[in-house]
Structures are given as structure tokens and as C-alpha cells.
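S.K.: Please work out how this folds:
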Amino acid sequence: MIDLRSDTCSQPTEAMRSAMASAVVGDDVYSDDPTVKQLEREVAALLGKEDAVYMVTGTMTNQVGIRAHTEPGDAVLFDQNAHVYILEGGAPAAFSGVLPRLLPGNRGVFSPDDVANALGVSHRFFPSTIPAPVKLLCLENTHNIGGGKIWPYEQLVSVCEMARSRGIALHLDGARLWHATAATGIPEAEYAKHFDSVSVCFSKGLGAPVGSALAGSKDFVARARRFKQQIGGGFRQAGIIAAGALFALRHNRDRLQEDHEHAKLLAHRIANLPGIVLDVATVETNIVRFGVTSLPAGQFVEKLYEKGLHVLPSGPDGVRAIPYLNISRKQILEAIDIIACVAEANADSAQEGKISNQSARSGY
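M.R.: Model (predicted):
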């Protein structure tokens, strides 16, 4: 089975497993695990922040970040298709008690005017305290549902400056920030310097089995550690898994361009297949999202699965495929052949059905 469901499906390499097996460990709840502490130092340095805290998942780092920036009843601005809003189980409301205010992003990217319009203008006849006060703006780079879209750097800066001018804190969901850097050459710290907090993931793309980190100022991270513990995120000899994340951070960032090349190869080869809707220009990193018109997406991916390709349906007519470090060029070429086989077979079936219907109407 060629598994392109997600880069979270990656498997640790033998070298990573060796690093995990030999990790020096302690009790992370007591801040005694040297491998966790080393990982946190290196992440903070890479992102240009004072401190970082290691957690189990990117959902946890995002949600702890939101909680650390806000109090219940505050409002938070999200892109309408943000991972933190769509795919994290309603956690902003459940955990932080915040009110999501949605921005009309295009593939996850919005403008300073979109932010300004959402904030409105306070007046003494209608002060800003009447609606829930907006305390935080969240961006996602690269954007998952946007198909791995990279935020244009100047636009990102302009949006952040708008939020700053209105006294709003900024959080970056950088689960795939590594991919933005690999594609643009802009260092992670250059992106991160515009945000008060940054979440990064070690299991998406970098191939570690577990974990994400939340970085920011020392005071912010100290507050975040409280909420990490509060929701059950404290773990003991975590150095075993932190060693995998540390290995990934040191060794697997430079190879991400290979995944981008595989995604572009996949996109270019399937874009003109019958029943496939795909603009290859939208494939900027390692995520390929395409539409299917010949039958529902769920049925389409079932047919792919039967032939040895595992991908995800995305809505009624969308499909997502993601190359990652365990996927070879040979497997990408095999995946292309499988998609072509299913797409062409469905096109033939649709044509036969059309001819049959025409014959029936003609009385033959």
C-alpha cells in the first residue's frame, strides 16, 4: 500500500530509532529530562524566541497557545478554513472559552483590510467592549486546507502590523512552517519574529513519531506550561520521543524539497486526466488537493485503495495526497498510474452510460 494520506503517516528511520533508544531521560514534569530540554532550547533558538515547550501534538500546542493569550469570553480571529478552527475538535470554545471570529481567506491567506473590517471601529456610543474583545489573531503557514499554500511574506508582515497597531497578539500555526522555509528560503526565525507565539510540528514532514513545540517569550512559555499540565499534557520520561523530534529537527529539514518535487510531479501528471480538476500552480509545497467529477470523492478513494493507493477524501468532490520522507519517486510514479487507471476507467464507464441512455431515448 502506498500511503499518501498525510505526512503524519511517516515512519521513523533506523537512525532516528537508534537516537530514541539511546536517549538520556528524566522526568519532564519536574523539568528533569535533559533531552526534552535540549529540544526546547534548539527549537527556541531556531525560531528566534526566548523559550519553547514540547508537547504531544500540534493541536495541543495551538490550543495551549490560544489559552495562554486569552481569557474566557475573548474573541479570536481565524481564517475560515484554519486547522485550529476546523480540525481541532472545537477546542478554542471548549478549552479556552473564546469566541471564533472568521476571516474570508483565500486558500488561508487574508488581507490587513480583512482584519480591520473584522475589528471595526470603536466609538463612545458603541465601545469595543460591547462585542467580545478581540485579543488574538491566528495565521497558518503553510495552510493545510489551502493545499499547502505559503503566505506571501510581505502580506504576512502587513497583516501582522495591522494586528499590532490594534493591540492584538499574534499566534502562528507553523505545523508546516518548515515547508514554507524549504520552498522560499526565508528562515523560520524571519517568519516567526512577527508573532508572539509559534507552534511547530515534528511529525508532519520531519518524520518524528510524536510531538510539537510552542515557542515564545519566557513569560509566555511559563504560562503555557501551566495550561499544558492542566489538560494532561505533562509526561514523564519524554526524552525517548523528544530524541526522535530532535533528530528530525537536525537532519530532516534540508530534504523537504524532495517532497515538494514529488508533489509537483504527481500534480503535473494527473492534472489532465479525465474527471480530475487540478490547477498545478496551487501546488507550492507537499500537499496536492484535486477535485473529481466522475463520481463522489469517497467512492473514488475507495477504488484507489483497492488498487494499492491510500489517500484522503476531502468533502464530497475533493481528494488530498501528501508525499513525505518515506515515499520514493518510484512510489509516486506508481501512484500516478493508479490514479490514471481509476480516472480513465470511470470516464469510460460514464461514456458508456451516456451512450446507453441516448440509445434508450432513441428507441434502439
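S.K.: is it true that Val29 touches Gln229?
M.R.: Yes - between Val29 and Gln229 there is a contact at 7.3 Å, judged by Cβ atoms under 8 Å. (Each C-beta comes from the backbone N, C-alpha and C, glycine too.)
S.K.: the strands in the chain, which residues?
M.R.: Using DSSP state E, the strands of the chain run over 2-3, 51-55, 75-79, 99-103, 134-140, 169-174, 197-201, 212-216, 276-277, 288-292, 309-310, 312-313, 318-321.
S.K.: And the ones you listed: which comes nearest Gln331?
M.R.: strand 2-3 (4.9 Å; Cβ to Cβ).
S.K.: strand partners of the closest one, parallel vs antiparallel please.
M.R.: strand 309-310 (parallel) (DSSP bridges).
S.K.: and the strand it pairs with, how far out from the chain's middle?
M.R.: 21 Å (Cα atoms, centre = their mean, to the nearest Å).
S.K.: Need the contact partners of that strand.
M.R.: With Cβ atoms under 8 Å, 6 or more residues apart in numbering as the test, strand 309-310 has contacts from Met1, Ile2, Asp3, Leu4, Arg5, Leu304, Glu334, Ala335, Ile338, Ile339.
S.K.: where does the protein dip in pLDDT?
M.R.: Regions of the chain meeting the criterion pLDDT under 70 cover residues 128-129, 348-364.
S.K.: what ranges do the helices span in it?
M.R.: Here the chain has its helices, by DSSP state H, at 14-21, 34-47, 58-69, 83-86, 91, 112-119, 153-165, 177-184, 188-192, 218-230, 239-251, 256-270, 297-306, 329-362.
S.K.: Including distance to Ser314 and mean neighbour count, could these go into a markdown table?
M.R.: Below are these laid out as a markdown table (distance: least, Cβ to Cβ, whole Å; neighbours: other Cβ atoms under 10 Å):
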| stretch | distance to Ser314 | mean neighbour count |
| --- | --- | --- |
| helix 14-21 | 30 | 15 |
| helix 34-47 | 30 | 20 |
| helix 58-69 | 19 | 27 |
| helix 83-86 | 11 | 21 |
| helix 91 | 21 | 20 |
| helix 112-119 | 24 | 16 |
| helix 153-165 | 25 | 16 |
| helix 177-184 | 18 | 23 |
| helix 188-192 | 26 | 19 |
| helix 218-230 | 31 | 17 |
| helix 239-251 | 26 | 24 |
| helix 256-270 | 15 | 20 |
| helix 297-306 | 7 | 17 |
| helix 329-362 | 15 | 14 |
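S.K.: Export those as a markdown table, with columns for distance to Cys138.
M.R.: Shown next, in a markdown table, are the helices of the chain (distance: least, Cβ to Cβ, whole Å):
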| stretch | distance to Cys138 |
| --- | --- |
| helix 14-21 | 31 |
| helix 34-47 | 16 |
| helix 58-69 | 7 |
| helix 83-86 | 6 |
| helix 91 | 12 |
| helix 112-119 | 11 |
| helix 153-165 | 10 |
| helix 177-184 | 14 |
| helix 188-192 | 14 |
| helix 218-230 | 15 |
| helix 239-251 | 23 |
| helix 256-270 | 23 |
| helix 297-306 | 28 |
| helix 329-362 | 33 |
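S.K.: Indicate which one of those is closest to Val288.
M.R.: helix 256-270 (5.1 Å).
S.K.: which strands and helices sit next to the closest one?
M.R.: helix 177-184, strand 288-292, helix 329-362 (3 or more Cβ pairs under 8 Å, 6 or more residues apart in numbering; DSSP states H and E).
S.K.: who wins for proximity to Thr142 among the helices of the chain?
M.R.: That would be, of these and by Cβ to Cβ, helix 177-184, which comes in at 5.2 Å.
S.K.: The closest one - contacts with which helices or strands?
M.R.: Partner elements for helix 177-184 (3+ Cβ pairs under 8 Å, 6+ apart): helix 188-192, strand 197-201, helix 256-270.
S.K.: repeat that with 6 Å
M.R.: Applying 3 or more Cβ pairs under 6 Å, 6 or more residues apart in numbering; DSSP states H and E, we find helix 177-184 packed against helix 256-270.
S.K.: okay, the angle between the helix it packs on and strand 288-292?
M.R.: 20 degrees (axes from the mean of the first three to the mean of the last three Cα atoms, to 10 degrees).
S.K.: Residues contacting helix 256-270, please?
M.R.: 178-179, 182, 205, 276, 280, 283, 285-286, 288, 323-324, 332, 336, 339 (Cβ atoms under 6 Å, 6 or more residues apart in numbering).
S.K.: Of all pairs in the residues you listed, which one spans the longest distance?
M.R.: Put simply, by Cβ to Cβ the two of these set farthest apart are Trp178 and Ile276, 28.6 Å from each other.
S.K.: Name the nearest residue to Val36, ignoring sequence neighbours.
M.R.: Spatially, and ignoring its direct neighbours in sequence, Val36 is nearest to Ala242 (4.5 Å; Cβ to Cβ, 6 or more residues apart in numbering).
S.K.: and that neighbour, what is it in contact with?
M.R.: For Ala242, the contact set (Cβ under 6 Å, 6+ apart) comprises Thr35, Val36, Leu39, Tyr54.
S.K.: Dump those into CSV; add distance to Gln155 as well.
M.R.: Below are the contacts of Ala242 laid out as CSV (distance: Cβ to Cβ, whole Å):
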residue, distance to Gln155
Thr35, 38
Val36, 36
Leu39, 32
Tyr54, 31
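S.K.: before we move on, the earlier item: of the contacts of strand 309-310, closest to Phe125?
M.R.: Arg5 (52.9 Å).
S.K.: Leaving out the residues flanking it, which one is nearest to the closest one?
M.R.: Leu312 (5.0 Å).
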